[in-house]
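Predicted model, plus sequence, below.
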Amino acid sequence: MGIIKLEGITKIYRTKEVETVALENVNLEVKEKEFLSVMGPSGCGKSTLLNLMGLLDLPDEGEIRINGIDTTGMKDGQMADFRNATLGFVFQSFHLINSLNVLDNVELPLLYRPSTEKERREKAKAVLEKVGLSHRMRHFPSQLSGGQSQRVAIARAIVGGPKIILADEPTGNLDSRMGQEIMDLLFQLNEEGATIVMVTHDEHIAESTQRIVRFFDGRRVE
Amino acid sequence: MYKLYFKQAIAMLKQNKFISLIAILGTALAIMMIMAIIVSDNIKTISIGAEPNRYRTYYIPTMMERDTVQNSWMTGTISYDRYQGYLSDLQTPEYSTIMSRSEQLVCREGESEIHTLKRRTTGEDYWKIYSFRFIEGAPWGEEEVQSGVKHAILSESATRKLFKGEKAVGQMILINFVPYRVTGIVEDISEIFNMAHADLWIPYTSIDNYQSWGVDMLVLMAKNNSDLPEIDREVRQAEKKYDASHANKVLSYRGPAKHSDYQLSGWASTNEDAAVKIRVARRKSLFIFLVLLLVPAINLSGLSLSRMKRRTEEIGVRKAFGAKRHVILIQVLFENLITSLLGGVVGLLLSYGVIYQMKHWLLGVPEDSYIPFNALVSWPVLLSVVLVCVLLNLLSAGIPAYRASCMNIVNSLTQNDK
């Protein structure tokens, strides 16, 4: 059984004048420990799909099951707890908090679950060690390169030990060398047991993952 | 978690120095105005210095006598016989004394230089209700008051004026051309202690025909402040006693009034009149307080909203990683509270400056009066400033914080991409 299962997912964005169908009747299953790439042209609904998988947004129709749990009808607080425990996010533009140093940024997901400061510090330091940035933990995001920022973002995504990592174009803002470093890190996490769903424009990077699903105009085409 | 919020709040203050300065100054000015009022009120009511028992001191300043046949009434200060016959033997108060204050012409015997000094006539319990530091001599006792001996106690500054550094105790002075012997000198007290303050004190019995003079005030000090109902009952009994022995007369003493209530009501002939004045004064204070709180809160709210807008992305990230709405709400309010508290400290210091510069207007004391440190810095004042900061914080950051907590995560995360 898949760790993520989407059935009949439709998402429509509405403004006063316009309705835009972002996803239409999408069915998708992601297996546990799979590394899946989502590809397609801009505006095809890739990021919307990732947002729905990450419970950052709600579908208009359809059912999302994650880790065997039906997320339909979950309340705001329940979804927050679920995201915190099960999901890790890596964004294209890193989304690090500039007023916090690297260690505090990485610690962030642990703030929203019961843990002591000591525990948080130890876990954050351990994952920073893992991404090779333990020497930068007192630095602020403005003092880091793009690759380093993304590694911090990955450290933040994995510090809570989530089963699923959702990465939205994690190499999109990086040069090819740094992009490869990030991909190597994601492959390592996948090998260690994490399920990864990655949105990417890069065919070469996508081909290195286990499976590719393609979208066009809100529909799965492959 | 709060440690991290604190770190972040300080980091953000440092990042946007100009905006932070504006926010802190805006808060400081708002708090300055409110605290100037609170501190002034505190100075008038706190139990410290020469008036350490304000919390259990009650005043009967006036009376009203109604003639039920002629349908006429007379109001004014308490006449001596209405005090002596009906109020002098109240059982519940620990101490009680009558007192009057007036300006008198005073000079040293044999000298022509005349000074206008504030004279207080009072009884022996006065020295137990109020607190003085005697530099020389001692307060008079019951025997001296009963004998009507013409003894005077001078303040340090009055002594300097009259004796210019020479020994004063044992010397004679003329008060309104009547000779008095100086028996004591006390340290000057600030005029903010308006019940205790004077330049010289004499026993009320030392004035010729003192029985024919009115009494400015009857002061009662209870053993503790829970005795007020019992004291009130005794005063009402005294009224009935008078009414029973005077046909067609109805006597009403105004009071016993708490120190704080007396400060608010000032001159009022009856308890009803005083209650109306207190109510009006409290409503006025509440109105001023609300205006002083709401107007800056609305202004600061705009500033908070613009600061929140810049943090939209961060809030999206926090929510994505599991922060619930109430957690975001608490974080924003907590961080804003840091700014409010910094503004509160600055505002409190500024309010001290305002009180010092405007003490005549705010406290009704001469410009050269000093204000003791412990009247300015006290627990009620410090608690008030924190409370005002919390209130201002809730009013100014409540709506921005709520809006931040309700932000859609995807919209927040893509804010900068748009």
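That came in fine, so what should we check first?

for the chain, what spans make up the strands?
I went with chain A, as the question did not name one. A:4-14, A:19-30, A:35-39, A:61-66, A:69-70, A:87-90, A:164-168, A:195-199, A:211-216, A:219-220 (DSSP state E).

oops, I was thinking of chain B
B:57-60, B:62-67, B:72-79, B:95-108, B:115-122, B:134-137, B:151-155, B:172-175, B:178-186, B:200-203, B:214-215, B:217-221, B:249-254, B:257-258.

To chain A, which of those lies closest?
Chain A lies closest to strand B:257-258 among these, at 48.9 Å (Cβ to the nearest Cβ). For every residue, glycine as well, the C-beta is placed using N, CA and C.

For that closest one, which helices and strands make contact with it?
strand B:57-60 (3 or more Cβ pairs under 8 Å, 6 or more residues apart in numbering or on different chains; DSSP states H and E).

Adjacent strands (with direction) for the strand it packs on?
Applying DSSP bridges to the sheet, strand B:57-60 is found paired with strand B:217-221 (antiparallel), strand B:257-258 (antiparallel).

what about the closest residue to B:Tyr126 other than its chain neighbours, distance to B:Tyr130?
Leaving out its chain neighbours, the residue that sits closest to B:Tyr126 by Cβ to Cβ, 6 or more residues apart in numbering or on different chains is B:Thr97, at 4.5 Å. Distance check for B:Thr97 against B:Tyr130: by Cβ to Cβ, to the nearest Å, it reads 9 Å.

List the buried residues for stretch B:47-62?
B:48-54, B:56-62 (16 or more other Cβ atoms under 10 Å in any protein chain shown).

want to throw the strands of chain B into JSON lines with mean pLDDT?
Converted to JSON lines, these look like this (pLDDT from 0 to 100):
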{"stretch": "strand B:57-60", "mean pLDDT": "94"}
{"stretch": "strand B:62-67", "mean pLDDT": "91"}
{"stretch": "strand B:72-79", "mean pLDDT": "89"}
{"stretch": "strand B:95-108", "mean pLDDT": "94"}
{"stretch": "strand B:115-122", "mean pLDDT": "96"}
{"stretch": "strand B:134-137", "mean pLDDT": "96"}
{"stretch": "strand B:151-155", "mean pLDDT": "97"}
{"stretch": "strand B:172-175", "mean pLDDT": "96"}
{"stretch": "strand B:178-186", "mean pLDDT": "96"}
{"stretch": "strand B:200-203", "mean pLDDT": "96"}
{"stretch": "strand B:214-215", "mean pLDDT": "82"}
{"stretch": "strand B:217-221", "mean pLDDT": "94"}
{"stretch": "strand B:249-254", "mean pLDDT": "92"}
{"stretch": "strand B:257-258", "mean pLDDT": "92"}
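
Not counting sequence-adjacent ones, nearest residue to B:Lys161?
Leaving out its chain neighbours, B:Lys161 is closest to B:His115 (Cβ to Cβ, 6+ apart), at 5.3 Å.

residue contacts, that neighbour?
B:Leu105, B:Val106, B:Cys107, B:Ala158, B:Lys161, B:Leu162 (Cβ atoms under 8 Å, 6 or more residues apart in numbering or on different chains).

ok so, going back, just give me the closest of the buried residues of stretch B:47-62 to B:Gly255.
Taking Cβ to Cβ as the measure, B:Ile60 is the one of the buried residues of stretch B:47-62 closest to B:Gly255, at 3.8 Å.

I'd assumed B:Arg120 was in contact with the residue nearest to B:Tyr126.
No - B:Thr97 sits out of contact with B:Arg120 when judged by Cβ atoms under 8 Å, with a separation of 10.5 Å.

joint contacts of the two?
B:Tyr126.

per-residue confidence for residue 212?
I'll assume chain A. Per-residue confidence at A:Ile212 stands at 94 (pLDDT).

looking at chain B here, not the other one
With respect to pLDDT, B:Ser212 scores 85.

and what of B:Pro400?
85.

again, but for A:Gln188
92.

Please report the distance of it from chain B.
21 Å (Cβ to the nearest Cβ, to the nearest Å).

Near that residue, how many residues? Count them for me, please.
Neighbours of A:Gln188 under the rule other Cβ atoms under 10 Å in any protein chain shown: 13.

need the contact list for the closest residue to B:Met195 other than its chain neighbours.
Ranked by Cβ to Cβ, 6+ apart and with sequence neighbours excluded, the top spatial neighbour of B:Met195 is B:Glu51, at 5.9 Å. With contact set as Cβ under 8 Å, 6+ apart, B:Glu51 has these partners: B:Thr57, B:Tyr130, B:Ser131, B:Phe193, B:Met195, B:Ala196, B:His259.

which residues does the residue of chain A found nearest chain B contact?
Using Cβ to the nearest Cβ, A:Asn84 is the residue of chain A that sits closest to chain B, at 2.6 Å. Neighbouring residues of A:Asn84 by Cβ under 8 Å, 6+ apart: A:Pro109, A:Tyr112, A:Arg113, A:Gly160, B:Phe321, B:Gly322.

pLDDT score for it?
If you check A:Asn84, the pLDDT there is 94.

Could you see whether chain A lies near stretch B:328-344?
No - legend: contact between stretch B:328-344 and chain A by Cβ under 8 Å from any Cβ of the partner chain is lacking; minimum distance shown is 9.4 Å.

what bits of chain B have low per-residue confidence?
Along chain B, the model assigns pLDDT under 70 to residues B:415-418.

For A:Asn84, see how far away the closest residue to chain A within it is.
Closest contact between chain B and chain A, by Cβ to the nearest Cβ, is at B:Gly322 (2.6 Å). Shown here: B:Gly322 relative to A:Asn84, a distance of 3 Å by Cβ to Cβ.

count of neighbours near residue 11?
No chain specified, so I'll use chain A. With other Cβ under 10 Å as criterion, A:Lys11 counts 22.

you looked at the wrong chain, it should be chain B
Count around B:Ala11 with other Cβ under 10 Å applied: 16.

from what I can see it touches A:Asp104, true?
No - taking contacts as Cβ under 8 Å, B:Ala11 lies outside contact range of A:Asp104: 9.3 Å.

Residue ranges of each domain in chain B, please.
Per the record, chain B has its domains at B:2-49+B:275-417, B:55-270, by automatic domain parsing.

Chain B contacts on chain A?
So chain A meets chain B at A:51, A:54, A:56-57, A:76-77, A:80-81, A:83-85, A:89, A:91, A:93, A:95, A:97-100, A:104, A:107-109, A:111-113, A:117, A:156, A:160 (Cβ under 8 Å from any Cβ).

Please pick the buried ones from those residues.
A:51, A:54, A:56-57, A:80-81, A:83-85, A:89, A:91, A:93, A:95, A:97, A:99-100, A:104, A:107-109, A:111-112, A:156, A:160.

need the contact list for B:Gln15.
A:Asn98, A:Ser99.

Give me every residue in chain B that's in contact range of chain A.
B:1, B:3-4, B:7-8, B:11-12, B:15, B:313-314, B:316-325, B:327, B:408-410, B:413, B:416-417.

What subset of these is buried?
B:1, B:4, B:8, B:11-12, B:313-314, B:316-325, B:327, B:409-410, B:413.

and those, which of them are in helices?
B:4, B:8, B:11-12, B:313-314, B:316-320, B:325, B:327, B:409-410, B:413 (DSSP state H).

how close does the spatially most central residue of chain A get to A:Lys46?
Residue closest to the average C-alpha location in chain A (Cα atoms, centre = their mean): A:Leu166, at 2.1 Å. Using Cβ to Cβ, A:Leu166 is found at 11 Å from A:Lys46.

Then A:Ser149?
22 Å.

With neighbour numbers in mind, choose between these two.
The neighbour comparison of A:Ser149 against A:Lys46 (other Cβ under 10 Å) goes to A:Lys46, with 26 against 23.

The more buried one touches A:Ser37, doesn't it?
No - applying Cβ under 8 Å, one finds A:Lys46 not in contact with A:Ser37, separated by 9.8 Å.

Touching both of the two, which residues are there?
A:Val199.

Tally up the residues packed near B:Ile114, please.
12.

For chain A, just list every one of the helices.
A:46-53, A:76-86, A:102-111, A:117-130, A:146-158, A:176-191, A:203-207.

do you know which of those lies nearest B:Leu305?
Among those, helix A:76-86 comes nearest to B:Leu305, with 22.4 Å by Cβ to Cβ.
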